[in-house]
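In: for reference, the sequence and a predicted model appear below.
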Amino acid sequence: MAKKNKTTETEINVSDFIAAFVENDQKKADSFQLIELMREWSGFEPKMWGPSIIGFGSYHYKYASGHEGDAPLIAFSPRKDAISLYVHSQTEASKELLPELGKYKIAKACIYVKKLSDINVPVLEKICRETFAYLEENYECSCHQK
């Protein structure tokens, strides 16, 4: 039996989530700034994905194992320790941009930053746009509608 994805789009209000979930004032401000930036870059309104991810747009993936589902084009989560940015594609262009990003940690496709002022926002935009291009080329995605 196929495993159900935990991270699916929900009807939770994004602003209500930030107000209830994010305790740190700086992280709240950074979250609202990221919403504005990612809305502008993606052309999509923010939606909650699962209990704590704020995503923009969507794409459909299918692995060789047969597992498939939908995921946001780009997303972030204002977690307690750091802001998790789901924006990185494993392309050479993205890898070349990382040294210019600023202060961050990375694991697979997730970039962790303590605060938005630690990173170079124009470089973050380039990474997001590289991800859009990668997803559009490799997946069925809402980026085709824009």
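Out: In hand now; what should we look at? Residues are numbered from 1 along each chain as shown.

In: what segments of this structure are helices?
Out: Secondary structure of the chain, counting by DSSP state H: helices at 14-21, 25-42, 92-97, 121-138.

In: go through the ones you listed and name the closest to residue 62.
Out: Closest approach to residue 62 among the helices of the chain (Cβ to Cβ): helix 121-138, 11.0 Å. All C-beta atoms are positioned from the backbone trio N, CA, C, and that covers glycine.

In: coming back round to it: quick one: which of the helices of the chain is nearest residue 63?
Out: For residue 63, the closest of the helices of the chain is helix 121-138, at 12.4 Å, according to Cβ to Cβ.

In: now the closest one: how far from the chain's centre is it?
Out: Remark: helix 121-138 is offset 11 Å from the chain centroid, using Cα atoms, centre = their mean, to the nearest Å.

In: convert the C-alpha atoms of that helix to CSV, please.
Out: Provided in CSV are the C-alpha atoms of helix 121-138 (Å, rounded to 0.1, in the frame of the first residue of the first chain):
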residue,chain,number,x,y,z
VAL,A,121,18.9,38.1,-0.6
PRO,A,122,19.6,38.7,-4.3
VAL,A,123,21.6,35.4,-4.3
LEU,A,124,18.7,33.7,-2.7
GLU,A,125,16.5,35.0,-5.5
LYS,A,126,18.9,33.6,-8.1
ILE,A,127,18.9,30.2,-6.3
CYS,A,128,15.0,30.2,-6.3
ARG,A,129,14.9,31.1,-10.0
GLU,A,130,17.4,28.3,-10.8
THR,A,131,15.1,25.9,-8.9
PHE,A,132,12.1,27.1,-10.9
ALA,A,133,14.0,26.5,-14.2
TYR,A,134,15.0,23.0,-13.0
LEU,A,135,11.5,22.0,-11.9
GLU,A,136,9.9,23.3,-15.1
GLU,A,137,12.4,21.3,-17.1
ASN,A,138,12.1,18.1,-15.1
